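give me a 3D structure for the following:
(one chain, ligands or ions: 1)
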Amino acid sequence: MSITADVIQKDKDYSVPVAARPDFVLTRGEGVTVFDAAGKAYTDWVAGIAVNALGYGDAELQKAVAAQMDTGLIHVSGLYHTQPMVELAQALCDMSFADKAYFCNSGAEAVEGALKFARKHAYVNERANKTKVVSFSDAFHGRTMGALAVTPKAKYQTPFKPMVPGAVVGEFNNIQSARELIDADTVAVIVEPIQGEGGINVASAEFMQALRTLCDEHDAALIFDEIQCGLGRSGDMWAHSIAGVSPDIMVLAKPLAGGLPIGAILTTDAIASAMSPGDHGSTFSGGAVVMQAAQVVIKRIASEGFLEHVREVGEYLLERLAELNSPHIVDVRGRGLMAGIELDIAPGGIVQAGYEQGLLLVSSGTNVIRFVPPLIVQKAHVDELVDKLTQILEAIDDGD
Ligand SMILES: Cc1ncc(COP(=O)(O)O)c(C=O)c1O
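Modelled structure (predicted):
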């Protein structure tokens, strides 16, 4: 039996069926390209869903991870001090609004923690009655129970009801809707500056500014979820910075450790000081190998010319996608290397045709093809993408 047939059979036999995977098996990666067991190359416009910012096989990242492994100190628990953890906390605070950092293992876990931080801050300030959390239409904040409660999509929530109480939903980018919901009972407001799973929707500067004002007026914690749009993807280090306002809490994950599992909660001294030993924690929090990997990633993203490259290739991507000519295209939008094409058809056929053409593509929402490649992608890859999408869309249009 071939490796491909063997793996697909074992996946069927032994994996919980929460993913519909295509019929090839990925075995290695290099730059922005991954290869399957049969040797076929795919240019990767998914990057592990906005994770592999430095692409595949980055020598510095591999060296840093190997060097930490060589110390023998893979894990010691957050009960003890380690240098890699405090160095990463300091670096993230230096490059953001934050005074303090906490590390965990995933995006959803960071969101859970952020909600707890906001609740504890209200509690120590004798406002334990503040329990309302405002999120917005088309948001995605994760699949654990707290994060799911602020991810207002029936498909994700319905089978798992009842949800954690307190969550209410406003309309994304609608200031009036936010004004109607954010009040004295509100403990936190959570928003993605650019929605990823919900269809690549960019929050307006005015909307983010209004949320900041409303949170200040009602003493609620403003949480920016930059798990997908942060760390350079938008062309700025933080997607919220164009609004000129800072959150009280920012959650990060996906690209932070170059593909190793990580989540981070960045916050102010005011909120961090409400937390005491034992209030929150996780066995793997701040693991030394992951912390070393993350230091390589953030240094590279902050290095000279890196964000300019993201902006330049990102603008080129949006320009070239806008040239695509198909009656099925409704809109092309995004910022930096986070782009989407909205269609009037389900995107599954295009994703499938992409595999045949040697492209990894992923959908977002119900009708958007999303492009979140490694941040090292080049203009030549954009040209290849647009050529192949042109052929794919022509074949679909011919079949209509
Ligand atoms: C904006 C945002 N928040 C939270 C999450 C959840 O992250 P994780 O899948 O690491 O739990 C995601 C994942 O797609 C995300 O895009």
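
could you count how many residues lie near the closest residue to the ligand within the stretch 1-150 of the chain?
Relative to the ligand, the nearest point of the stretch 1-150 of the chain is Gly107 (2.2 Å; Cβ to the nearest ligand atom). Yep, even glycine has a C-beta here, placed from its N, CA and C like the rest. By the criterion of other Cβ atoms under 10 Å, Gly107 has 27 neighbours.

you'd agree it is up against Pro255?
No - using Cβ atoms under 8 Å, Gly107 makes no contact with Pro255, being 10.8 Å away.

residues touching Gly232, list them.
Counting by Cβ atoms under 8 Å, 6 or more residues apart in numbering, Gly232 touches 53, 255, 301, 306-307, 310, 336, 375.

ok, longest helix in this structure?
Across the chain, the longest stretch assigned as helix under DSSP state H is helix 379-399.

and that helix, what's buried?
Within helix 379-399, the residues that count as buried by 16 or more other Cβ atoms under 10 Å are 381-382, 385-386, 388-389, 392-393, 396.

quick check: phi and psi on Thr144?
Torsion angles at Thr144 (phi, psi; degrees, to the nearest 10) stand at phi -80, psi 170.

so it touches Ala108, yeah?
Yes - here Thr144 lies in contact with Ala108, judged by Cβ under 8 Å, at a distance of 4.4 Å.

of those two, which one has the most company?
Comparing Thr144 with Ala108 by other Cβ under 10 Å, the one with more neighbours is Ala108, at 23 against 16.

chain neighbours aside, what residue packs nearest to the more buried one?
Counting by Cβ to Cβ, 6 or more residues apart in numbering, Ala108 lies nearest to Gly142, which is 2.8 Å off, once chain neighbours are set aside.

residue of the stretch 251-400 of the chain nearest the ligand, please.
Minimum separation of the stretch 251-400 of the chain from the ligand (Cβ to the nearest ligand atom) falls at Ala253, amounting to 4.7 Å.

how near is that residue to Asn105?
Separation of Ala253 from Asn105 (Cβ to Cβ, to the nearest Å) stands at 9 Å.

and Ser303, by the same measure?
26 Å.

go on, Ala322?
Distance, Ala322 to Asn105, using Cβ to Cβ: 38 Å.

what of Leu214?
For Leu214, the distance to Asn105 - Cβ to Cβ - is 32 Å.

for Val65, same thing?
Per Cβ to Cβ, Val65 is found 16 Å from Asn105.

next: Asp219.
From Asp219 across to Asn105, the span is 30 Å (Cβ to Cβ).

and Asp269, by the same measure?
Asp269 is 25 Å from Asn105, by Cβ to Cβ.

so the two - more neighbours on which side?
Set Asp269 next to Asn105 and count neighbours by other Cβ under 10 Å: Asn105 wins out with 19 against 10.

verify the stated contact: the more buried one with Phe284.
Yes - with contact defined as Cβ under 8 Å, Asn105 and Phe284 form a contacting pair (5.4 Å).

mind listing what's buried in stretch 109-126?
Across stretch 109-126, burial judged by 16+ other Cβ under 10 Å covers 109-123.

and the ligand, which of those contact it?
Near the ligand, judged by Cβ under 6 Å from any ligand atom, the entries from these are Val111.

just the ones of the buried residues of stretch 109-126 in strands?
Under the assignment DSSP state E, the buried residues of stretch 109-126 contribute nothing to strands.

pretty sure Ala108 is touching Arg143, no?
Yes - between Ala108 and Arg143 a contact is recorded at 5.7 Å, counting by Cβ under 8 Å.

picking that back up, so what sits against both of Ala253 and Asn105?
262-263.

kindly provide the distance from the most centrally placed residue in the chain to the ligand.
For the chain, Gln228 is the residue whose C-alpha lies nearest the centre (Cα atoms, centre = their mean; 1.9 Å). According to Cβ to the nearest ligand atom, to the nearest Å, Gln228 and the ligand sit 4 Å apart.

correct me, but that residue touches Glu192?
Yes - when contacts are counted by Cβ under 8 Å, Gln228 is listed as touching Glu192 (7.0 Å).

who are the packing partners of the helix or strand containing Val289?
Under the criterion of DSSP states H and E, Val289 resides in helix 288-302. Packing partners of helix 288-302 (3 or more Cβ pairs under 8 Å, 6 or more residues apart in numbering; DSSP states H and E): helix 59-70, helix 83-94.

wait, does it make contact with the ligand?
No - Helix 288-302 is not in contact with the ligand by Cβ under 6 Å from any ligand atom; minimum separation 13.3 Å.

name the next helix or strand downstream of that helix, please.
Counting by DSSP H and E, what follows helix 288-302 is helix 306-322.

show me what that following helix is packed up against.
Under the contact criterion of 3+ Cβ pairs under 8 Å, 6+ apart, helix 306-322 touches strand 329-335, strand 338-343, helix 379-399.

quick one: contacts for Gly358?
40-43, 388.

tell me the confidence at it?
If you check Gly358, the pLDDT there is 98.

show the backbone phi and psi for it.
Note on Gly358: backbone dihedrals following degrees, to the nearest 10 are phi 80, psi 40.

could you pull out the helices in this structure for me?
Going by DSSP H, the chain shows helices at 3-14, 47-50, 59-70, 83-94, 107-124, 145-149, 154-157, 175-181, 205-218, 269-272, 288-302, 306-322, 348-357, 379-399.

near the ligand, which residues of the stretch 201-350 of the chain are found?
225, 227-228, 253.

touching both of Asn105 and Phe284, which residues are there?
The contact sets of Asn105 and Phe284 overlap at Pro261 (Cβ under 8 Å, 6+ apart).

so what's the nearest residue to Ile298 once chain neighbours are set aside up against?
Nearest-residue entry for Ile298: Ala91, 5.8 Å, with adjacent residues in sequence omitted and distances by Cβ to Cβ, 6+ apart. Going by Cβ under 8 Å, 6+ apart, Ala91 touches 295, 298-299.

how about stretch 203-220: buried residues?
203, 207-208, 210-212, 214-215, 218, 220.

next: stretch 233-251.
Across stretch 233-251, burial judged by 16+ other Cβ under 10 Å covers 233-243, 245-251.

which of these fall in strands?
Those of the buried residues of stretch 233-251 lying in strands (DSSP E): 249-251.

many thanks, I have nothing further to ask.
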